[in-house]
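[1] Build the 3D model from these lines:
(2 chains)
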Amino acid sequence: MAERRSEIHSEIVYILSGSKMESRVPRLSREIAILLCAKLAALTLLYFLFFSPSHRITVDAPTASDHILSTNTHP
Amino acid sequence: MDIVELSRLQFAVTALYHFLFVPLTLGLSILLGIMETVYVMTGRPIWRDMVKFWGTLFGINFAMGVATGITMEFQFGTNWAYYSHYVGDVFGAPLAIEGLMAFFLEATFVGLFFFGWDRLSKVGHLIVTWLLAIGTNFSALWILIANGWMQFPIGARFNADTMRMEVTDFMEVMFNPVAQAKFVHTVSAGYVTGAIFVLAISAYYLLRGRNIALAKRSMTVAASFGLASALSVVVLGDESGYTAGQNQKMKIAAIEAMWHTEPAPASFTLFGLPNMKERRTDYEIKVPWVLGLIATRSIDKPVPGIDELVTMAKTRIKSGMIAYDALDKLRSDRGNTQLRATLDAHAADLGYALLLKRERADVQNATEDEIARAADSTIPNVPVLYWAFRLMVAVGLWMIALFALSFYLSARRQLDRYRPYLWIALLSLPLPWLAIELGWIVAEYGRQPWAVEGVLPTFLAVSSTSASNVLFSLMGFFVFYSALLVVDAFLMLKYIRLGPDAAIGRTAHEEAA
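    Now for the predicted structure:
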């Protein structure tokens, strides 16, 4: 019985205090959203600066063959 | 620094940075599953509050960590083009499966986890939480299958026409014993990280005398889960050591700074100062039998030393030179079956001949001196491996002691009684990260000079691009990732300080602990 009363008390505290703290939830969501946008922008920048298709080296069987069986030594 | 060193540094920095987030995601996701299971079983609101609070910190870590690893996949295309061509047929499949299976699972359920509290039933939300944890662990599985293949390349063979390794048996790739051992060892280390995170932050709340009930319950879960995980790390690490002892003998010899083969069973060097130049270990303190038991699980099999492995490498280089010669001649005589038969007979050693490319171009004509130098290049940096391994093990043992003490105090309901214990728990927070990063250094630095063990030397795997390109992108990474780390630390500290009430959006339930 005492346990049940304590549970009801907890639920009342839950409901009553809800409005007081609720304003903090959107703040976390907003901060994570801003962070994800900034991260996406930075990753996109990194991609275009360093990884876009023009930065990639195309290797096929003849290129690989030249690389491995070439007459050059490697660093 | 040349292009090889810069490319390696860039990949190492990215991987080590990415792995600051991964283990916490692995560990916290399971802990959330456990806490929510208790909530569904007992119906007590405090357990829901715990899931919401630790879930908030999980969310910050997930948001920061996600996609930081994707730049490694970009690097395969820019810095490691020859690697991508040479082993892409094998290596690409697990990465693709990871994207399709694990990322989709994670991406779907992470949204439902955060926004589904009021839209799903209790059991429905619990299933979502566990699926999120499973998705996270699946991701680790496929990455470690790919990595395991680099350590022990099975289930594939070299094709002279396409100049690449091609899959012959995907099941062999998937159930590679090295990959499986690495997977369980790595995820257990992640669970320890999650448990320490919960334990340390809960200790902080107890030290501040706030959120006592939530902190004590969290510590109880972390103590039992952490103890089981820390013990698993040791047992599964032993399995990882055994598989390395079978397939990467040079790595084991380097970790032990074991220059010469000892009579079986080999002793374990507890302490010593490895001397690369003189090829000896000074001031050794040895424990009889232990290495023999770990590496061979027997008392009659020897563990080969570095010098003997170098001699074996010379034999393999000479065999590989025959394969290389046949491959070179096949370029102008594709239909020659005799040459193909010769190549097939020596294909397993082709990678060893490629080590000679640093010495001379026409490797089939290498001199004994050049062969000796190439064989010597198979020795990784012994002091780095020696100390990184010992430090990792020491941290692992500390974790076991800490969790055992926490478990004992939890069982006696005395978690908040001893402030020195709470301080120790709080100050132990960075240790699992340290151990995990050291573990990766042992695993990957110990693989050198190979990109794929015995198949492709690292210096042949890099792209023919300029060092300045790699240097600029490395600087870009450094700036971006440092900024991200500062923001992560700021957000984490902020929401830890604000505490459960802010994360939950109301006063957390405080039952009598």
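[2] Quickly list the domain ranges of chain B.
    B:252-296, B:306-376 (automatic domain parsing).
[3] can you put those in TSV and add distance to B:Phe478, mean neighbour count and mean pLDDT?
    (Each C-beta comes from the backbone N, C-alpha and C, glycine too.) Shown next, in TSV, are these (distance: least, C-beta to C-beta, whole Å; neighbours: other C-beta atoms under 10 Å in any protein chain shown; pLDDT from 0 to 100):
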stretch	distance to B:Phe478	mean neighbour count	mean pLDDT
domain B:252-296	29	18	88
domain B:306-376	29	18	93
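[4] Which stretch among those approaches chain A most closely?
    domain B:306-376 (4.4 Å; C-beta to the nearest C-beta).
[5] Might you calculate how far the closest one sits from the centre of the chain?
    How far domain B:306-376 lies from its chain's middle: 31 Å, per C-alpha atoms, centre = their mean, to the nearest Å.
[6] Can you give me the first-to-last residue distance of it?
    Distance between the two ends of domain B:306-376: 9 Å, counting by C-alpha to C-alpha, to the nearest Å.
[7] Give me the contact status of it with chain A.
    Yes. With C-beta under 8 Å from any C-beta of the partner chain as the measure, domain B:306-376 is seen reaching chain A through B:324, B:327-328, B:331, B:354, B:357-362.
[8] Which members of the residues you listed are positioned in helices?
    B:324, B:327-328, B:354 (DSSP state H).
[9] Farthest pair within the residues you listed?
    The span of those, defined through C-beta to C-beta, is set by B:Asp328 and B:Leu354 at 12.0 Å.
[10] how many other residues sit next to B:Leu493?
    10 (other C-beta atoms under 10 Å in any protein chain shown).
[11] so where do the helices sit in the stretch 1-150 of chain B?
    For the stretch 1-150 of chain B, helices defined by DSSP state H, counting those that start in this stretch occupy the ranges B:3-42, B:45-65, B:70-78, B:81-97, B:104-115, B:122-151.
[12] now the most centrally placed residue in chain B: how far from chain A?
    Geometric centre of chain B, nearest residue: B:Trp440, 4.7 Å, by C-alpha atoms, centre = their mean. Here the criterion is C-beta to the nearest C-beta, to the nearest Å. By it, B:Trp440 lies 22 Å from chain A.
[13] check contacts around that residue.
    By C-beta atoms under 8 Å, 6 or more residues apart in numbering or on different chains, the residues touching B:Trp440 are B:15-16, B:19.
[14] so, if you compare those, which one comes nearest to chain A?
    Nearest to chain A among these, with distances taken as C-beta to the nearest C-beta, is B:Ala15, at 15.9 Å.
[15] pretty sure that closest one is touching B:Gln75, no?
    No. Assessed by C-beta atoms under 8 Å, B:Ala15 is found out of contact with B:Gln75, at 9.7 Å.
[16] before we move on, what SS does the residue lying closest to B:Arg334 once chain neighbours are set aside have?
    Leaving aside its chain neighbours, B:Arg334 sits nearest to B:Asp161 (7.7 Å; criterion: C-beta to C-beta, 6 or more residues apart in numbering or on different chains). When classified by DSSP: H, G, I helix; E, B strand; the rest coil, B:Asp161 comes out as coil.
[17] same question, B:Thr269
    Using three-state DSSP, the structure places B:Thr269 in strand.
[18] ok, back up a step: switch the domains of chain B over to JSON lines; also include distance to B:Ile201.
    Below are these laid out as JSON lines (distance: least, C-beta to C-beta, whole Å):
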{"stretch": "domain B:252-296", "distance to B:Ile201": "34"}
{"stretch": "domain B:306-376", "distance to B:Ile201": "44"}
